[in-house]
Each structure stands twice: as C-alpha cells, then as structure tokens.
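A.B. asks: Can you look at this prediction? I've put the sequence above it.
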Amino acid sequence: MCEPYRAISDLQNAHPDGLFIITGDFNHANLKSVLSKFHQYVDFAMRGMNTMDLVYTNIPGAYRAEPHPHLSYSDHISVILIPAYRPLVRRSKPVLKQVKIWPEGATYALQDCFKCTDWNMFREAETNSDSINLEEYMTSVNSYVSKCINDVTISKTITTRSNQKPWMTAKVRALLKSRDSAFRAGNKMALKTARAKLSRDIRDTMRAHAQRNHSHFQNSRDSCIIWQDIQAIMNYKTTLSACDNDTSLSDMLNNFYTRFETQNSIAARKTTPPPNGQVLCLSMADMKRTICRVNPQKSAGPDNIPSRVLNS
C-alpha cells in the first residue's frame, strides 16, 4: 500500500480541495489502514460472499452504491454509484406566480380614470343619519381602485424555478426552446445555428445585466437598490419561515394582556372631548406630500393597493 499512499498524498497536497475517487480490486487490502479519512461505499458481496471492487472517496455520504447485473460474461456483478445529492431544481417544484404587467401608458390611463371618478358617491352611499360607515366606505373605495387597476393592467402567470438566473429573459427562454426542438428533430445544422445564437444572446444578456448593476453602484443613491445588487452578486437568499397556524400563542397573549379587564365590571363609556380641544385636520397638500414619499418598490399593504398606484 506504499505506492498508492504516496501517489494519493501527492495529489492531495497539490489539490487540497479536490474530490478524490479511488476504485479497484481491494480483495486482500484495506485502503483505510493508510488513509483513514477516506470512506468506502460498497457494502455488498460481488461474487459469492466476497467483496472485491471497492470505491473510496474523501467526502462522506457523497454516493450510494447499488448492485447491478453482470457485464457480459463477468464473474462478478457490477456496481453503480448514485450521487446522494439531489439538485435544488429537482428537490423543489416550479412555482406559479400571478403578476400584473403595466403596459406603456397604463399609469396615465389610471390617472384619467381617477380624475373622472365622482368620489363623493362612495361617501353618500355609506352615509346614514349623518353617520358614515367607515368600514364599508373604505371597502367600496378599495374595490373600485382594484377594479380600475385590473382594467389598465394585464395579468400574467409566470413560472419561477429554484435555479433561475437573474439575467434570464424571455428571448433566452425562446432560444433554449428552439435549441431543444432542433436537438429532438435531429437537425444538426439547425442545432448548430441555435446553439450559436443561444451562446451569443446569453453573453450579451449577462453583459447588459452586469452593466446595469455597475451603474447602480456608480450613480444610485438608493441604498435599497445597492443592497439588492449585492444580494444578487453574492446569490444571497433569505429563508422565509412559514407562519405557524397554531393559535395557542395568540390566545395566551390575549389572556395575559386582558387579565385586568376580565375582573372589571364597569361598562366602558366614551369620553367627551374637551370644549377647547383641537380637531385633527389634514389638508390635501399634506396627504399628497405623505403619499409621494411612499416607496413604489414596496409591496402592497393590507388594502392590496400597489405603492405605484398611490404615487400616481
């Protein structure tokens, strides 16, 4: 075992981070006696009760050995090594997402729709005896705004995969499909042309994506965009933990914070405002100034109205 030990040691010194797979007939030898950090995968007999051809690697749990039939007139069975690692694209299913596409001129069409709307009719519809049902008033206005958004936008279902690259475009997907079609048809010339077009377009798309990220670092003062570019460069993805459906925690918190109210037998009364108190008044200019500060890239809130609609 001296010669294999010296050869493997030289390779490990030259490539300390490399993967080493050693296979052969080890009927009367044990490689772990000189290389204790290597792991052996074949754990079944290959001829009678004997295990001859063994496989050693320096990574534990990298493969799974399975017996297969004899090759031709061989006196022992064959061994197939199956990688234990399953790619992420096979472990996770594609996710279908419903997105809204804002075509050119959709924002101006939405602004015209809002300008032509008589907003007082929603207030009058929910007014009863000089009192306004704010819940119904808000629900009707939000429903109308959502209806206007659906009229000017286009709903589209997209498929996202776990290994999808940020520079992937619709043109690249179309070229991938044309390449696969040419391969299945067996047309060598069409396959060669499709592969050349695909390589050229991928190269151009990646270059454009890199230039766009570089321009953000040079010209943008928005820290959010810069942080998103850093995450894309580092392929950093946060793991979103699923919410627990167990309501015991919320019930326990409610019981804890209302422990004094359960012993209170006095009925709640509405306090009258002081005679000289000032009523909170918001002007239209204050409302516009506050709404314009909303980040259009943020997701919609509980009312399901996008931020870009508020800015419009």
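C.D. replies: The structure has been received and is ready for your questions.
A.B. asks: Can you tell me the element residue 64 falls in?
C.D. replies: Secondary structure assignment for residue 64, by DSSP states H and E: strand 63-70.
A.B. asks: Show me what the next helix or strand after that strand is packed up against.
C.D. replies: Past strand 63-70, further along toward the C-terminus, the next helix or strand under DSSP H and E is strand 77-83. Using 3 or more Cβ pairs under 8 Å, 6 or more residues apart in numbering; DSSP states H and E, the elements in contact with strand 77-83 are strand 53-57, strand 63-70. Just so you know, the C-beta spots here come from the backbone N, C-alpha and C atoms, and that holds for glycine as well.
A.B. asks: which of those strands sits most buried?
C.D. replies: Among those, ranked by average contacts under mean count of other Cβ atoms under 10 Å, first place goes to strand 53-57 (a mean of 19).
A.B. asks: How about residues contacting that one?
C.D. replies: The contact list for strand 53-57, computed with Cβ atoms under 8 Å, 6 or more residues apart in numbering, reads 19-26, 31-32, 35, 38-42, 46, 63, 65, 76, 79, 81.
A.B. asks: List the contacts of the residue lying farthest from the centre of the chain.
C.D. replies: Within the chain, residue 275 marks the point farthest from the mean C-alpha position, 56.0 Å out by Cα atoms, centre = their mean. By Cβ under 8 Å, 6+ apart, no residues touch residue 275.
A.B. asks: Is it in a helix, a strand, or coil?
C.D. replies: Under DSSP: H, G, I helix; E, B strand; the rest coil, residue 275 falls in the coil class.
A.B. asks: ok, back up a step: can you list the strands that the strand holding residue 64 pairs with?
C.D. replies: As defined by DSSP bridges, the strand partners of strand 63-70 come to strand 77-83 (antiparallel).
A.B. asks: What are the buried residues along the partner strand?
C.D. replies: Across strand 77-83, burial judged by 16 or more other Cβ atoms under 10 Å covers 79, 81.
A.B. asks: Likewise for stretch 151-166?
C.D. replies: Neighbour-count burial for stretch 151-166, with 16+ other Cβ under 10 Å as criterion, is recorded at 152-153.
A.B. asks: Same question for stretch 297-312.
C.D. replies: Neighbour count says stretch 297-312 has 306-310 buried, by 16+ other Cβ under 10 Å.
A.B. asks: still on that earlier bit, now list the buried members of the contacts of strand 53-57.
C.D. replies: The neighbour-count test (16+ other Cβ under 10 Å) marks 22, 26, 31, 35, 38-42, 46, 63, 65, 76, 79, 81 as buried among the contacts of strand 53-57.
A.B. asks: per-domain residue ranges of the protein.
C.D. replies: For the chain, automatic domain parsing gives the domain ranges 2-85, 165-233.
A.B. asks: rank the ones you listed by pLDDT, which is bottom?
C.D. replies: Ranked by mean pLDDT, these bottom out at domain 2-85, with a mean of 82.
A.B. asks: nearest to residue 279, of the domains of the chain?
C.D. replies: domain 165-233 (37.1 Å; Cβ to Cβ).
A.B. asks: how long is the closest one end to end?
C.D. replies: 11 Å (Cα to Cα, to the nearest Å).
A.B. asks: How far off centre is that domain?
C.D. replies: Centroid displacement of domain 165-233 relative to its chain, using Cα atoms, centre = their mean, to the nearest Å, is 18 Å.
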